[in-house]
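**Student:** below: sequence and its predicted model.
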Amino acid sequence: MKDKKGNNEKEIDAQQDKRVENNKRDVHINSISDADKEQKDDEDEETLDLTKPAEEEAGWTSHWPLLSAFTILLIMLTLEFGFKYQPPFPFNLVIFSVAFLLAGYNVLGMAFRKAKHFDFFNEFFLMSVATVGAFSIGSYSEGVAVMVFYSIGEWFQDAAVNKAKKSIKALLDIRPNEVTVIRDGKTSVIDPKDIKIDEIIQVKAGEKVALDGELYSESATFNTAALTGESKPDTKRKGETVLAGMINLDKVSEVQVKALFKDSKLSKILEMVQDATARKSQTQLFISRFAKIYTPIVFALALLVCFAPYFFVDPYDFHQWFYRSLVFLVISCPCALVVSIPLGYFGGIGLASRNGILFKGSNFLDVMTKIDTVIMDKTGTLTKGVFKVQEVVAKDIDEKELIRIIAAIEQNSTHPIAKAVVTHAGESLGELKAKDVQEISGHGLKGTVDGKTILAGNVKLLKKFNIAYPSEIDKLVDTIVIIAVNDQYAGYITIADELKEDAKEAIAKMHSLKLQTVMLSGDKQAVVDKVAKALGIDKAYGDLLPDGKVEKVQEFKNAGSRIAFVGDGVNDAPVVALANAGIAMGGLGSDATIETADIVIQNDQPSKITTAIKIGKITNRIVWQNITIAMVVKVIVLVLGAGGIANLWEAVIADVGVALLAILNAVRIQKMKLDD
């Protein structure tokens, strides 16, 4: 998928409709502080690749040429201003030339390579022209100072980018390098990539789980902070899901592997974050386009500053106006914008990851700031999705036999209601199996058990097959599974779900942000209304098939709403893709929905929805602070330089200073703590 979002809504929606495509495009960041970053002669940009090991931070010794140049500059300035001594020509030229080359060989080399491809409008060529120009008029110390301080600024920028890369990488790349597997009653330590599905692995106290699976031991307690951002220990029982990256807290436990190493949710998370750094925001794309227009304009203005006064000023002093044009070139360098803005978005993605929220692209950080309507699924999103059978009502059949038949067909479904039925049947299910099972979307299941045709689902299923049932069933508020055997009504079971602990708090937070809240569900309207009333949701719609949910979301979009849709089931994938921002519950959510979503909430807490909005707003605010600071300072010093008030010293200090301010402002996103 290419990031070519336009400025109009249609282009934005078109990009979001393609978001499920696998994007492996690298993110490029201009950086020149180390020659090792040159991959090809025509490639002078660094690639942010989280699938590779994070680079080691360059130590002071690796920057000895720059530090040597800085030392020479200090010595020469001390001699000039402290002892009123300057080495005679040509010795001063040689000394300053050595310092200049030590500080700027990377910049000069980069400018030369770009010039070979007829690319003259870039910061490297701009700095080369300005500093060589300073030497040409005898301003040696100023020329060296410009190159030294510019290179120091690039060094700091590069270090900040590397830190952002490493913080995101370290936060998520927590997969163990080895795992203990039990084979033929013996344990052996092997690479997790060699583990097969259904094998039993052993996890000692304090160890990380290497692969996704189900707990094979009776119980175990895990730290899930790396995946969910929650520090509260999570106790699992036998058969419950355990994910790679969780840390075993108490005793040696066994896990039955249910996914290969490459297919674990943690591996998918790493892919998501890798893709996230590649998907640029509207602001980043704007700045990239702006820099391509801005730089040639600056060159043209610098030429005007130098030569236009010839026609208006008498006497015309070329040396004076050439010097002013050099000041103009130095201060116009766009490095503060080029680096600090993507760095701000990296910080936002890292902050979200630390809070158990995964943004699949920096563009979605921007999208979340514009959301005015949050539409949510009910089951698994606002409720726990952990159902329990409450009541069994049978007609002309034994209740236990009814449960066995329903469980036999429901074990072919992954829906939480189906799991509740199978759990309730327990060992009584035995070897009973269903055949020819087919799912009728939004209705239920149809299959054959012991030669009998079985229908199990909601009342719409029986209506679809014209099967009569007691009218009082329509008045039941709780979720029900109604059953027909050989086209005859055979009974029903009621199933109850619980609201998530933070669901009401989540809705209250949304209202505090002036967001409209809407709930869509396939459950009966009576059930939906009951939940909506308990949580304080503005609008609630029940009895919806998957296409009905799509229609409702489209209605809100047509009315001009900017929508975030939150869901967890396979049937939520179409509406997740349709929304401006699709949010998936990553713990209970289906892989299809997680793949389609733009944002994944790892701990399934609906209160994280407003946290995601808050992070988007923080990131957006800091990015625009950087843009404003950089542009205001540059315009002021440009005017002063053209007017002869600011010199090269002041220009380079202003340029490097505003770049460092922008970087520090962007870096602080990574340190922020959110009050949920």
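**Tutor:** Thanks, I have it. Here the structure is a predicted model, which is why all the values come from computation and not from measurement. Residues are numbered from 1 along each chain as shown.

**Student:** residues touching residue 477, list them.
**Tutor:** By Cβ atoms under 8 Å, 6 or more residues apart in numbering, the contact set of residue 477 is 524, 526, 527, 530. All C-beta atoms are positioned from the backbone trio N, CA, C, and that covers glycine.

**Student:** could you do residue 469 as well?
**Tutor:** The neighbours of residue 469, taking Cβ under 8 Å, 6+ apart as the test, are 459, 462, 482, 484, 489, 492.

**Student:** which stretches of the stretch 1-150 of the chain form helices?
**Tutor:** Across the stretch 1-150 of the chain, reading from the start of the chain, the helices by DSSP state H, counting those that start in this stretch fall at 9-17, 64-77, 91-116, 123-136, 140-172.

**Student:** report the rounded mean pLDDT for the last one.
**Tutor:** Just to be clear, that refers to helix 140-172. The average of the pLDDT scores along helix 140-172 is 67.

**Student:** also stretch 115-123?
**Tutor:** If you average the pLDDT over stretch 115-123, you get 77.

**Student:** likewise stretch 224-233?
**Tutor:** Predicted confidence along stretch 224-233 averages 59 (mean pLDDT).

**Student:** residue 106: which of the contacts of residue 477 is nearest?
**Tutor:** Top of the list for closeness to residue 106, among those and by Cβ to Cβ, is residue 527 at 65.8 Å.

**Student:** what strand or helix carries the closest one?
**Tutor:** Element membership for residue 527 (DSSP states H and E) is helix 525-535.

**Student:** any low-confidence regions in the stretch 1-150 of the chain?
**Tutor:** Residues of the stretch 1-150 of the chain that meet the criterion pLDDT under 70 lie in 1-60, 121-122.

**Student:** let's see 80
**Tutor:** Within the stretch 1-150 of the chain, the stretches falling below the threshold (pLDDT under 80) are 1-62, 80-81, 119-127, 129-131, 133-134, 136-139, 142-143, 145-146, 149-150.

**Student:** surely residue 419 meets residue 380?
**Tutor:** No - between residue 419 and residue 380 there is no contact under Cβ atoms under 8 Å: 11.4 Å.

**Student:** in helices, which of the contacts of residue 469 fall?
**Tutor:** Cross-referencing the contacts of residue 469 with the helices (criterion: DSSP state H) gives 459, 462 as the overlap.

**Student:** export the contacts of residue 469 as CSV, with columns for distance to residue 223 and pLDDT.
**Tutor:** Formatted as CSV, these follow (distance: Cβ to Cβ, whole Å; pLDDT from 0 to 100):
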residue, distance to residue 223, pLDDT
459, 44, 89
462, 47, 91
482, 42, 92
484, 47, 93
489, 49, 93
492, 42, 92
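
**Student:** restricted to buried residues, select the contacts of residue 469 in ChimeraX.
**Tutor:** Listed next is the ChimeraX selection for buried residues among the contacts of residue 469, using 16 or more other Cβ atoms under 10 Å:
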select :459,462,482,484,489,492
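
**Student:** and of the contacts of residue 469, the nearest to residue 432?
**Tutor:** residue 484 (17.7 Å).

**Student:** any idea how far the closest one is from residue 326?
**Tutor:** Here the criterion is Cβ to Cβ, to the nearest Å. By it, residue 484 lies 87 Å from residue 326.

**Student:** same question for residue 244.
**Tutor:** Using Cβ to Cβ, one gets 57 Å for the distance from residue 244 to residue 326.

**Student:** before we move on, what about residue 139?
**Tutor:** Here residue 139 is placed at a distance of 8 Å from residue 326 (Cβ to Cβ).

**Student:** tell me, what's touching the two both at once?
**Tutor:** With contacts defined as Cβ under 8 Å, 6+ apart, the residues shared by residue 139 and residue 326 are residue 648.

**Student:** more neighbours, these two?
**Tutor:** Here residue 139 and residue 326 are set side by side on neighbour count (other Cβ atoms under 10 Å), and the busier one is residue 326, at 29 against 21.

**Student:** would you verify that the more buried one is located in a helix?
**Tutor:** Yes - going by DSSP: H, G, I helix; E, B strand; the rest coil, the assignment for residue 326 places it inside a helix.

**Student:** confirm for me that residue 649 is in contact with residue 142.
**Tutor:** Yes - here residue 649 reaches residue 142: they are 6.2 Å apart, a contact under Cβ under 8 Å.

**Student:** let me see the ranges of the strands in the stretch 351-500 of the chain.
**Tutor:** Taking DSSP state E, counting those that start in this stretch, the strands of the stretch 351-500 of the chain run over residues 357-359, 373-377, 388-394, 434-440, 444-449, 452-457, 479-485, 488-496.

**Student:** could you dump those into a markdown table with distance to residue 255 added?
**Tutor:** Putting the strands of the stretch 351-500 of the chain into a markdown table (distance: least, Cβ to Cβ, whole Å) gives the following:
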| stretch | distance to residue 255 |
| --- | --- |
| strand 357-359 | 23 |
| strand 373-377 | 30 |
| strand 388-394 | 25 |
| strand 434-440 | 29 |
| strand 444-449 | 30 |
| strand 452-457 | 32 |
| strand 479-485 | 31 |
| strand 488-496 | 29 |
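
**Student:** between the ones you listed, which one is closest to residue 133.
**Tutor:** Counting by Cβ to Cβ, residue 133 lies closest to strand 357-359 out of the strands of the stretch 351-500 of the chain; the figure is 44.1 Å.

**Student:** and the closest one, how far out from the chain middle?
**Tutor:** The chain centroid and the centroid of strand 357-359 are separated by 4 Å, computed with Cα atoms, centre = their mean, to the nearest Å.

**Student:** average pLDDT across it?
**Tutor:** Average pLDDT, strand 357-359: 83.

**Student:** quick one: contacts for the spatially most central residue of the chain?
**Tutor:** Residue closest to the mean C-alpha point of the chain, counted by Cα atoms, centre = their mean, is residue 359 at 2.4 Å. When the contact criterion is Cβ under 8 Å, 6+ apart, the partners of residue 359 are 276, 348, 349, 352, 365, 598, 599, 612.

**Student:** likewise residue 239?
**Tutor:** Counting by Cβ under 8 Å, 6+ apart, residue 239 makes contact with 214, 215.

**Student:** please redo it, this time with the cut-off set to 10 Å
**Tutor:** If a contact means Cβ atoms under 10 Å, 6 or more residues apart in numbering, then residue 239 has 214, 215, 216, 218, 256, 423 as its contacts.

**Student:** about what we covered before: tell me which residues form a beta bridge with the residue nearest to the centre of the chain?
**Tutor:** Here residue 359 shows beta-bridge partners residue 599, assigned using DSSP bridges.

**Student:** that one and residue 350, how far apart?
**Tutor:** According to Cβ to Cβ, residue 359 stands 10 Å off from residue 350.

**Student:** likewise residue 131?
**Tutor:** 36 Å.

**Student:** more neighbours, those two?
**Tutor:** The neighbour comparison of residue 131 against residue 350 (other Cβ under 10 Å) goes to residue 131, with 29 against 25.

**Student:** that one: what's it in contact with?
**Tutor:** Residue 131 sits in contact with 100, 103-104, 107-108, 139, 142-148, 150, 326, 329-330, 648, 652, where contact means Cβ under 10 Å, 6+ apart.

**Student:** try 6 Å
**Tutor:** Neighbour list for residue 131: 143, 146, 147 [criterion: Cβ atoms under 6 Å, 6 or more residues apart in numbering].

**Student:** then residue 182?
**Tutor:** Taking Cβ under 6 Å, 6+ apart as the definition of contact, the neighbours of residue 182 are 200, 202.

**Student:** cool, residue 422 as well?
**Tutor:** For residue 422, the residues meeting the contact criterion (Cβ under 6 Å, 6+ apart) are 407, 410, 411.

**Student:** run the last query once more with 10 Å
**Tutor:** For residue 422, the residues meeting the contact criterion (Cβ under 10 Å, 6+ apart) are 403, 406, 407, 408, 409, 410, 411, 412, 413, 429.

**Student:** quick check: pLDDT value at it.
**Tutor:** With respect to pLDDT, residue 422 scores 87.

**Student:** what's the answer for residue 509, then?
**Tutor:** Predicted confidence (pLDDT) for residue 509: 93.
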